[in-house]
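> Here is a sequence together with a model predicted from it:
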Amino acid sequence: MGGRGVALSNVALGGVPLGGRAPAADNHGMPDLVVDHAAKSYPTPSGPLEVLREASFSLDRGQSMAIVGPSGSGKSTLLALLGGLEPPTAGTITIAGQDSYALPEKELPKFRGEQIGFVFQEHYLLPQCTVLENVLTPLLAVGSAGPAEQEIARELLDRVGLSQRLTHLPSELSGGERQRVAIARALVRKPTLVLADEPTGNLDQTTAGGVTDLLLELQQETNSILVVVTHSPDLAAAMQSSKRLDDGRLVDQ
Ligand SMILES: Nc1ncnc2c1ncn2[C@@H]1O[C@H](COP(=O)(O)OP(=O)(O)OP(=O)(O)O)[C@@H](O)[C@H]1O
């Protein structure tokens, strides 16, 4: 993969060098991500559908974890809970010391933007925007994409091997290249937590391996937590730990 290994030690993401450790958040001694007895059920005509039953785990910045399990076992639901997209029916999700769902509803999008980066199976790049503009999107959302932010985005795109493609549209890239843009976009605000739902699901094995390596390298360099949901044994094995969802129950692999 071209362009990998470019030093980014002087690039500040949110005031923190990409190559350095993020400062420890003042979490009052709590891990950076704490999932405490989180449960989710959906109402159905025949009664509540229990999708997630009392999941508890915690992770610190720099750690990675895979969530595996059969189709319909609740993996995407758990990811949505972690991502501030779907409130749990019971329990709490605490990120960088803040119980996400205790925030006033209007503050949740800002919190999500600062603390969480998302990578999906589909890249969800904006088709009419260039590669550089797509990576800047999370910064434009908070009105701060000046020269310093542009430089951060350019350096990240250099890091993912796409410095020669800044003005290209997503339609002019391969599937693996689009996913690398999506990874740069997820990391541009140096979030506490990166959530990836089948990030290699649309890629061939070789390209998937490259995207996995890149995701882990940048997660380490930004000192984020990485949680991936996947059916891929290769991607799951690349994470530091792995948990399995079986009928809504989360168990160690
Ligand atoms: N909004 C909803 N309302 C009702 N049921 C839902 C809703 N969202 C998900 N479900 C149900 O919750 C269960 C778990 O779905 P989920 O998408 O989390 O599974 P998954 O493990 O990610 O599956 P896959 O691997 O196929 O993507 C399924 O039975 C699904 O139909």
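That came through fine.

> does the nearest residue to residue 252 once chain neighbours are set aside sit in a helix or strand, and which one?
Closest residue in space to residue 252, ignoring its immediate chain neighbours: residue 243 at 6.0 Å, by CB to CB, 6 or more residues apart in numbering. In short, each C-beta sits where N, CA and C put it, glycine included. Using DSSP states H and E, residue 243 falls within strand 241-246.

> where does residue 38 land in three-state SS?
strand (DSSP: H, G, I helix; E, B strand; the rest coil).

> still on that earlier bit, note down every partner strand of the strand holding residue 243 and its orientation.
strand 64-68 (parallel), strand 249-252 (antiparallel) (DSSP bridges).

> Tell me which of these sits nearest to the ligand.
Nearest to the ligand, of all the strands paired with strand 241-246, is strand 64-68, at 8.6 Å by CB to the nearest ligand atom.

> So is the closest one next to the ligand?
No - Strand 64-68 lies apart from the ligand when judged by CB under 6 Å from any ligand atom; the minimum separation is 8.6 Å.

> Using CSV, write out the CA atom coordinates for stretch 244-253.
The C-alpha coordinates for stretch 244-253 follow below in CSV (Å, rounded to 0.1, in the frame of the first residue of the first chain):
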residue,chain,number,x,y,z
ARG,A,244,-19.1,-13.4,21.0
LEU,A,245,-22.8,-12.5,21.0
ASP,A,246,-25.1,-15.5,21.2
ASP,A,247,-28.8,-14.8,21.4
GLY,A,248,-28.1,-11.4,22.9
ARG,A,249,-25.6,-12.6,25.5
LEU,A,250,-22.0,-11.4,25.3
VAL,A,251,-19.4,-14.0,26.2
ASP,A,252,-15.6,-14.1,25.9
GLN,A,253,-14.3,-15.9,22.9
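
> List the buried residues in stretch 64-73.
Across stretch 64-73, burial judged by 16 or more other CB atoms under 10 Å covers 64, 65, 66, 67, 68, 69, 73.

> Tabulate these in CSV, adding columns for pLDDT and distance to residue 45.
Converted to CSV, the buried residues of stretch 64-73 look like this (pLDDT from 0 to 100; distance: CB to CB, whole Å):
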residue, pLDDT, distance to residue 45
64, 98, 40
65, 98, 35
66, 97, 34
67, 97, 29
68, 96, 31
69, 94, 26
73, 91, 22
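
> any chance of these in CSV, plus distance to residue 90?
CSV is the format used below for the buried residues of stretch 64-73 (distance: CB to CB, whole Å):
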residue, distance to residue 90
64, 27
65, 22
66, 24
67, 19
68, 24
69, 20
73, 19
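
> Find the pair from these with maximum spatial separation.
By the measure CB to CB, 64 and 73 form the most distant pair in the buried residues of stretch 64-73, at 20.2 Å.

> what about the closest residue to residue 118 other than its chain neighbours, how many residues close to it?
Setting aside the residues directly before and after it, residue 118 is nearest to residue 195 in space (CB to CB, 6+ apart), at 5.4 Å. Counted with other CB atoms under 10 Å, the neighbours of residue 195 add up to 25.

> who's residue 195 bridged to?
Here residue 195, judged by DSSP bridges, has bridge partners residue 118, residue 227.

> which parts of the chain sit against the ligand?
Checking the chain against the ligand by CB under 6 Å from any ligand atom, the hits are 42, 49, 51, 69, 71, 72, 73, 74, 75, 76, 77.

> ok, then the element right after the host helix or strand of the last one?
Secondary structure assignment for residue 77, by DSSP H and E: helix 75-82. Scanning the chain past helix 75-82 towards its C-terminal end, the next helix or strand to appear is strand 90-95 (assignment: DSSP H and E).

> Following the chain past that following strand, name the next helix or strand.
Past strand 90-95, the next helix or strand by DSSP H and E is strand 98-99.

> what is the orientation angle of whatever helix or strand comes next after that next one with strand 90-95?
Note on strand 98-99: by DSSP H and E, the next helix or strand toward the C-terminus is helix 108-115. Interaxial angle, helix 108-115 versus strand 90-95 (axes from the mean of the first three to the mean of the last three CA atoms, to 10 degrees): 50 degrees.
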